[in-house]
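Asker: Any chance you can model this:
(one chain, ligands or ions: 2)
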Amino acid sequence: MAIQAEQPVHGSQVEEKKNVHPEETSELVSAKDRTFKAPESNAFGQSFRDYDIESERQKGVEEFYKLQHINQTYGFVKKMREHYKKLDKAEMSIWECCELLNEVVDDSDPDLDEPQIQHLLQTAEAIKKDYPNEDWLHLIALIHDLGKILHLPQFGELPQWAVVGDTFPVGCAFDEKNVHHKYFKENPDSKNPAYNTKEGVYSKGCGLDNVLMSWGHDDYMYMVAKENGTTLPSPGLFIIRYHSFYPLHKEGAYTHLMSEEDFENLKWLHIFNKYDLYSKSKVLVDVEKVKPYYQSLIDKYFPAKLKW
Ligand SMILES: [Fe+2]
Ligand SMILES: [Fe+2]
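Answerer: Numbering: from 1, shown residues only. Ligands and ions are numbered 1, 2, ... in the order given. Reported below is the predicted structural model:
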């Protein structure tokens, strides 16, 4: 089954000049979230093919963010969290989920006609080379996008705006550093005095753990890992949960909500992010060859079967 990409997404790098993140554009996200401005070449020195449809894609990105900014409200996020916390959709191993995500192939990205598992393994192998002793980081690379199964019918078939794209806190004012910030005006929370101040329902330094983030594949996978009793270290869980939080890790917004531990963890997220974005390659990883290593990491940090 190949799920067709509909619309561009990962676009913190598109519109307003101050928010342009050209270096991040190669993130392989999901079937539906990969129409971004491509950098000149990838980590392997290969040239990316040109798009003739750049402006079309930008329109699509903008349309995506409009929907996302209007619909991701505090109430919506609470509802999603409650619903998915039941973990009643499936029981499967981490590797089974990798294979499931593999069914998602993006036909819209000329540089990404490889299955998802290639992005995951390419990222993981690249990190492993530079950080050989941080085995947890290798595993994080493998699993960081598994939450994109939210696109699949058996996991609710959520629309793009509830799965991918940049994430941001809800329950407090939407920082201007969010891409396409203007569309937040149409979010009902913008008019709610409980939610539209700088700190909103939170307090200074409360820690991101106490902050509700817009709902998407990051928070879902974090929830799955946590609820299934993973033994991954704190920075690993932080990477899973906030890797799409571009307003923070790229733009430096929302730091007033962070705790000391968040600042420590953010250092690892910055490291991870470079690999996530630049590891697209035509050089395919031999899945069967590397599988035993990654399976050993899965066995170390996760139970054999997880509830999803
Ligand atoms: Fe992601
Ligand atoms: Fe990714």
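
Asker: interface residues of the protein facing ligand 2?
Answerer: Proximity of the chain to ligand 2 (CB under 5 Å from the ion) is limited to residues 145, 276. Backbone N, C-alpha and C define where each C-beta goes, glycine included.

Asker: Who are the packing partners of the strand or helix carrying residue 299?
Answerer: Element membership for residue 299, per DSSP states H and E: helix 287-301. The contact analysis (3 or more CB pairs under 8 Å, 6 or more residues apart in numbering; DSSP states H and E) places helix 287-301 against helix 94-101, helix 116-130, helix 135-143.

Asker: quick one, it and helix 135-143 angle?
Answerer: Calculated by axes from the mean of the first three to the mean of the last three CA atoms, to 10 degrees, helix 287-301 forms an angle of 120 degrees with helix 135-143.

Asker: how about the strands in the stretch 201-308 of the chain?
Answerer: 306-307 (DSSP state E, counting those that start in this stretch).

Asker: where does residue 133 land in three-state SS?
Answerer: Here residue 133 is recorded as coil under DSSP: H, G, I helix; E, B strand; the rest coil.

Asker: can you count the residues close to it?
Answerer: Per other CB atoms under 10 Å, the neighbour tally for residue 133 reads 7.

Asker: Which phi and psi values does it adopt?
Answerer: phi -90, psi -10 (degrees, to the nearest 10).

Asker: From residue 215, how far off is it?
Answerer: For residue 133, the distance to residue 215 equals 34 Å [CB to CB, to the nearest Å].

Asker: Find the residue closest to residue 85 in space, skipping its chain neighbours.
Answerer: residue 223 (6.4 Å; CB to CB, 6 or more residues apart in numbering).

Asker: Check whether that neighbour really touches residue 83, as I assumed.
Answerer: No: between residue 223 and residue 83 there is no contact under CB atoms under 8 Å: 10.8 Å.

Asker: ok so, going back, would you put the C-alpha positions of the helix holding residue 299 in CSV?
Answerer: Extracted C-alpha coordinates of helix 287-301, given in CSV (Å, rounded to 0.1, in the frame of the first residue of the first chain):
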residue,chain,number,x,y,z
VAL,A,287,18.0,-3.5,6.0
GLU,A,288,18.6,-7.2,6.7
LYS,A,289,22.3,-6.6,7.5
VAL,A,290,21.7,-3.9,10.1
LYS,A,291,18.5,-5.3,11.5
PRO,A,292,20.2,-7.5,14.2
TYR,A,293,22.0,-4.4,15.7
TYR,A,294,18.8,-2.3,15.9
GLN,A,295,16.8,-5.3,17.2
SER,A,296,19.3,-5.6,20.0
LEU,A,297,18.7,-1.9,20.9
ILE,A,298,15.0,-2.4,20.7
ASP,A,299,15.3,-5.4,23.1
LYS,A,300,17.4,-3.2,25.4
TYR,A,301,15.0,-0.3,25.7
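
Asker: Report the angle between that helix and helix 94-101.
Answerer: In terms of direction (the same axes, to 10 degrees), helix 287-301 departs from helix 94-101 by 130 degrees.

Asker: what residues are up against residue 90?
Answerer: 154-155, 307-308 (CB atoms under 8 Å, 6 or more residues apart in numbering).

Asker: which phi and psi does whichever residue of the stretch 1-150 of the chain sits closest to ligand 2 have?
Answerer: Of all residues in the stretch 1-150 of the chain, residue 145 sits closest to ligand 2, at 4.5 Å by CB to the ion. Here is the backbone geometry of residue 145 (degrees, to the nearest 10): phi -110, psi 10.
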